[in-house]
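Build me a structure from this.
(2 chains)
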Amino acid sequence: MSIEVSMNVNGKPVSAEVEPRTLLVQYLREHLGLTGTHVGCDTSQCGCCNIHLNGESIKSCTIFAIQCEGQDVLTIEGLADEDGTLHPMQQAFWEHHGLQCGFCTPGMVMVACDIARRLPDADEKTIRQELEGNICRCTGYQHIVEAIESGIKAMNAKGQVGQGRAENV
Amino acid sequence: MYEFNYHRPKTLEEASRTAKEAEDGMVLAGGMTMIPSMKLRLASPSDLVDLADIDGLKGITIGSDTVTIGAMTRHHDVHTSPDVGKAIPALAALAGGIGDPSVRHRGTIGGSVANSDPAADYPAAVLGLDATVETNTRKIAADDFFTGLFETALEDGEIITAIHFKIPDAAAYMKFPQPASGFAMVGAFVAKFGGDVRVAITGARDCVFRMTDMEKALAAKFSADAVADIAIAEDDLLADIHCGADYRAHLVTVMAKRAVAQAAG
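Model (predicted):
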């Protein structure tokens, strides 16, 4: 049984016929070719598949595509400007060397933007707590935390924090 | 995972009927347990009935002596609700300790309570706060609700609509989280209502339960000392690679002491 599903992904309307068991992350990667969202564990633990649904971070391996009917999805591909200018959080990860192999990075950046939205004054301890659902096997987290602190400051400076929705991220 | 039929009804009646009439119908709330279980084929429903489009299942209402939380209210919403934080701070804190931020953006109180995971946090609050579980057909007292390992009093096609928590004079929840998963190896919810005290323990047996001897001791004297020497028998406690029954027994007393100390402080 296939069902038609329509949603907005990175600001563009998309639709497709999917089986109900199609996970959102499969839909993004295999139907839309948006392979920036990674599947690390497929068990909701590693956080590599984090995207924003209606402006809030969620794990796209633990939701069916059909549950997202009519909703707004933002993936890592939707963060940078169309001319390639990085989002302040991406830039901060670049500047602080907040990655090594890069596999966890899309999920880290999406969650980092969510932290900035909810907790614009987050300190180092808070950031570490908020990363409970994101696993990195390379960095030891130190540079990731530094990148997020810096990214939140940069987003604050640009007025991109607070209780905004995805479009403000 | 196996194929299934997906339904997204607009009304509770239709949801209940669809779940009941399906060969093996199950209800989908936040999906934070259901979807991983389906991937592992621990659950393989023929039909999933998604409650997302049903009005009236979300939201928090503060009454004079109760806090009512709609079944589809997410952990994030309970955690960040200033009203819950004021009326029952222990409940808001408990919600903020479930899973991680992205899980809390999806997971719901109704889903957690209906699942009766032996290590889940919410059942401890439901039992500790003498809550009433409201469904589409009736109201069930917390003492009658949790019946076993992933088992509850819910019948086929019965759907939780809201949980009514009594507002205590003081309460606290303390858990010893499994370091990788964050699930409670043991959690203790202690609540004081006038001269009565309730102590609910999660993580230690097949499902949440009350420690009545601790409750009696705390009713006489509400301090951590009162429960310091009250131990639980190891006989029917859970044991796994993370934690043997003897250590869980030890944790029951320690978590209860910590919860009382916090509630009394």
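
Please name the nearest non-neighbouring residue to the residue in chain A positioned nearest to chain B.
Across chain A, the shortest distance to chain B (C-beta to the nearest C-beta) belongs to residue A:133, at 2.7 Å. Glycine gets a C-beta too; all of them are placed from N, C-alpha and C. If you skip the residues right next to it in sequence, residue A:133 has residue B:100 as its closest partner in space, 2.7 Å away by C-beta to C-beta, 6 or more residues apart in numbering or on different chains.

Identify the residues contacting that neighbour.
A:47, A:132, A:133, A:134, B:182 (C-beta atoms under 8 Å, 6 or more residues apart in numbering or on different chains).

For the second one, what are phi and psi?
Dihedral pair for residue A:132: phi -60, psi -30, per degrees, to the nearest 10.

Could you do the last one as well?
Backbone torsions of residue B:182, given as degrees, to the nearest 10, read phi 80, psi -10.

Once you drop chain neighbours, what's closest to it?
Per C-beta to C-beta, 6+ apart, closest to residue B:182 is residue B:99, 6.5 Å.

where does that neighbour land on pLDDT?
Per-residue confidence (pLDDT) for residue B:99: 96.

does it really touch residue A:62, like I thought?
No - using C-beta atoms under 8 Å as the test, residue B:99 is too far from residue A:62 to be in contact (10.3 Å).

can you list residues touching both of those two?
A:44, B:32.

okay, the two: which has more neighbours?
In this view residue B:99 and residue A:62 are compared by other C-beta atoms under 10 Å in any protein chain shown, and residue A:62 has more residues nearby, 26 against 23.

how much space between the closest residue to the more buried one other than its chain neighbours and residue A:133?
Distances taken as C-beta to C-beta, 6+ apart put residue A:44 closest to residue A:62, at 4.5 Å, once the chain neighbours are dropped. According to C-beta to C-beta, to the nearest Å, residue A:44 and residue A:133 sit 8 Å apart.

Mutual contacts of the two, please.
With C-beta under 8 Å, 6+ apart, residue A:44 and residue A:133 have common neighbours A:59, B:99, B:103.

thought residue B:192 was touching residue B:215?
No - look at residue B:192 against residue B:215 with C-beta under 8 Å: they stay out of range, at 10.0 Å.

longest helix in chain A, by residue count?
helix A:142-157 (DSSP state H).

quick one: that helix to chain centroid distance?
15 Å (C-alpha atoms, centre = their mean, to the nearest Å).

Pull out the buried residues from it.
For helix A:142-157, the neighbour count (16 or more other C-beta atoms under 10 Å in any protein chain shown) marks A:143, A:144, A:145, A:146, A:147, A:148, A:149, A:150, A:151, A:152, A:154, A:155 as buried.

Need the residues that contact it.
A:88-89, A:91-93, A:95-99, A:108, A:112-113, A:115-116, A:120, A:122-124, A:127-128, A:131, A:136, A:161.

got the CA coordinates for that helix in CSV?
Only the C-alpha atoms of helix A:142-157 are listed here, as CSV (Å, rounded to 0.1, in the frame of the first residue of the first chain):
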residue,chain,number,x,y,z
GLN,A,142,35.4,19.8,23.1
HIS,A,143,35.5,21.6,19.7
ILE,A,144,31.9,20.9,19.1
VAL,A,145,30.9,22.6,22.3
GLU,A,146,33.2,25.6,21.5
ALA,A,147,31.7,25.8,18.0
ILE,A,148,28.2,25.9,19.4
GLU,A,149,29.0,28.5,22.0
SER,A,150,30.5,30.6,19.2
GLY,A,151,27.6,29.8,16.8
ILE,A,152,25.0,30.9,19.3
LYS,A,153,26.8,34.2,19.9
ALA,A,154,26.9,34.7,16.1
MET,A,155,23.3,33.9,15.8
ASN,A,156,22.5,36.3,18.7
ALA,A,157,24.3,39.0,16.9
